[in-house]
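Peer 1: heads up, no residue letters with this:
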């Protein structure tokens, strides 16, 4: 079931009504939400619900065992086995075909052709997200950040809660489970912010992302050799905007829907394209994944506590595995490795820059210090602008590999950007305006949605209804025909 | 006071005292729930008024059956009435405006900007479709 459909609207109104009517009976409410989540998930393919239930049972049982043990070594073993089982399920569904194809290619290259067992594995929607949530729960129980839940219903709801089930944000057990123990509440402010987030999310997905995808991105990435540099350059900028609008729209709607049911989800995007460094980009882009990778991968690997070499290695490995998490293809491997390598380069350059600045600080006080300070401030502003431009283009370069269907297709795209012999056919005022408008939106204040929510807070229900009704009407009128699935469903 | 168990120094279930903040939160939740529910239903009603075509599209996708046939017939009748009363024109107007923007060329854009500079009321950005 997709968010921007009438099916979902009807489904949500019923769930909203029943969930709030049952708010004093917590167990019944949770049961209804679990049932609704399984219905939502089973709408794609009911067989996926068995996998979801299996994953929830596994994590519930492992959590109980870990929580009941006191011996550190045994706890570690149980955690290791449970995490491995989670990863095996993910690996089978996500990487089986990829490994088999890669193995067949290697064997062919070596001249040893073999018939490998062929098995068409359907990728269950959102498997990476709920697997990571399960692992997060187990590690949090192991680290004693959260108690092992005694309620199987709580774990089922935590793993399957429909707003974030298929494309995040990846909600931590320590953040979500305590909310299930409290009587749910929703304030006027929360509901107003939810309405703003849902409308903005629908606009970003249905208008911006869908137009850019159908009018530019799908064409240029299908056959980059058929287009000139102008179109390819516009295509990669359009993809940068499309993937942001698509993915952040899902997060916005998920956060809004959860808020209307009385649950708070953390923010998942914070104007990522205004980042002046890659490190900052990863603090603003898919925040729930980057913090997950930091807390459950980078820090356990040693983080920045060891030698310089180990820090760079950990950084690279974390991003590399983050790339593989996105999908089973060499393009994702390259995407992750590129980000890992560039983060390492950036870290080294920043260190060198700080050392140079330290040397330049010994000029004493007075006018000299003032002018040096003024110079530094101009220098800093210039550096920030340059940082934003360079970071955005590095990210765009990596997006080419993320979006291209094959590695060779990505190279064709990169090479094609430098060929300006053909006129740009996609650069219409509408498309250029859409890209420019979306990029300009990255420089809005971080809490603008909160401000809009505050304005709406005092509005009575007819005003809320007018805004909701005419907002969706306008979005429907502006959007192209049809509803495309969200990009992150495939992960 | 018969509901207080003096031995356990606690209230019987259902008679516990609730802090004022909690009562306020509950009160606010009830009001917000109603506000959001009425808002959503009113929003859906607005959509049914001004964009009844999507309702017809939706019900036509329903499986065949006596109930579904009735729903389709009612939706089509509703849409016909909305069209007759001019309610669907707002959507058509918005749709045409976006199509005009979508189909505008750089020449149209240039003429629009020139109009703005000369202080004349600029013509709409009309692409090929509107003409």
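Peer 2: Structure's in. What do you need? Because the structure is a prediction, the values reported are computed rather than measured.
Peer 1: and residue 95, what is it in contact with?
Peer 2: Here I'm looking at chain A. residue A:328 (Cβ atoms under 8 Å, 6 or more residues apart in numbering or on different chains). To be clear about C-beta, it is placed using only N, CA and C from the backbone, and glycine gets the same treatment.
Peer 1: Please refer instead to chain B.
Peer 2: Per Cβ under 8 Å, 6+ apart, neighbours of residue B:95: residue A:477.
Peer 1: Would you confirm that it belongs to a helix?
Peer 2: Yes - assessed with DSSP: H, G, I helix; E, B strand; the rest coil, residue B:95 lies in a helix.
Peer 1: So residue A:433: helix, strand or coil?
Peer 2: Counting by three-state DSSP, the backbone at residue A:433 sits in helix.
Peer 1: For it, give me the pLDDT.
Peer 2: pLDDT, residue A:433: 94.
Peer 1: That one and chain B, how far apart?
Peer 2: 8 Å (Cβ to the nearest Cβ, to the nearest Å).
Peer 1: Roughly how far does that residue sit from residue A:234?
Peer 2: Residue A:433 sits 12 Å away from residue A:234, going by Cβ to Cβ, to the nearest Å.
Peer 1: Who has more neighbours out of these two?
Peer 2: Counting neighbours by other Cβ atoms under 10 Å in any protein chain shown for residue A:433 and for residue A:234 shows that residue A:234 has the greater number, 23 against 13.
Peer 1: ok, and the closest non-adjacent residue to residue A:57?
Peer 2: residue A:152 (7.7 Å; Cβ to Cβ, 6 or more residues apart in numbering or on different chains).
Peer 1: My read is that the one you found contacts residue A:58, right?
Peer 2: No - checked against Cβ atoms under 8 Å, the pair residue A:152 and residue A:58 is beyond contact range at 11.7 Å.
Peer 1: the more surrounded of these two?
Peer 2: Neighbour count, other Cβ under 10 Å: between residue A:152 and residue A:58, residue A:58 has more, with 18 against 14.
Peer 1: isn't the more buried one right next to residue A:84, touching?
Peer 2: No - in this structure, residue A:58 is not within contact of residue A:84 by Cβ under 8 Å, at 11.1 Å.
Peer 1: Report the residue spans of the chain with pLDDT below the cut-off.
Peer 2: I'll assume chain A. Judged by pLDDT under 70, chain A has its weakly predicted residues at A:114-121, A:357-376, A:379, A:483-485, A:487-491.
Peer 1: switch to chain B, that's the one I care about
Peer 2: Applying pLDDT under 70 to chain B flags the ranges B:1-23, B:120-131.
Peer 1: can you give me the helices for it?
Peer 2: Applying DSSP state H to chain B gives helices spanning B:20-50, B:52-60, B:66-84, B:89-103, B:106-117.
Peer 1: quick one: the third one near chain A?
Peer 2: No - among the residues of helix B:66-84, none lie within reach of chain A under Cβ under 8 Å from any Cβ of the partner chain; the closest is 11.7 Å away.
Peer 1: so that helix versus helix B:52-60, what angle?
Peer 2: With axes from the mean of the first three to the mean of the last three Cα atoms, to 10 degrees applied, the angle from helix B:66-84 to helix B:52-60 works out at 170 degrees.
Peer 1: Buried residues of helix B:66-84, list them for me.
Peer 2: For helix B:66-84, a neighbour-count test (16 or more other Cβ atoms under 10 Å in any protein chain shown) marks B:71, B:72, B:75, B:78, B:79, B:82 as buried.
Peer 1: Domains of chain B: list them as residue ranges, please.
Peer 2: When chain B is parsed with automatic domain parsing, its domains come out as B:11-50, B:51-87, B:88-131.
Peer 1: Any chance of CSV for these, columns distance to residue A:247?
Peer 2: As requested, the domains of chain B are exported to CSV (distance: least, Cβ to Cβ, whole Å):
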stretch, distance to residue A:247
domain B:11-50, 25
domain B:51-87, 26
domain B:88-131, 24
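Peer 1: Tell me which of those approaches residue A:53 most closely.
Peer 2: Smallest distance to residue A:53 across these (Cβ to Cβ): 27.5 Å, for domain B:51-87.
Peer 1: what's the first-to-last distance across that closest one?
Peer 2: End-to-end distance of domain B:51-87 (Cα to Cα, to the nearest Å): 8 Å.
Peer 1: residues contacting the residue nearest the centre of chain B?
Peer 2: The centre of chain B sits closest to residue B:43, judged by Cα atoms, centre = their mean, with a distance of 3.7 Å. Counting by Cβ under 8 Å, 6+ apart, residue B:43 makes contact with A:464, A:465, A:466, A:467, A:468, A:469, A:471, A:472.
Peer 1: out of everything not next to it in sequence, what's closest to it?
Peer 2: Once flanking residues are discounted, residue B:43 sits nearest to residue A:468: 3.3 Å by Cβ to Cβ, 6+ apart.
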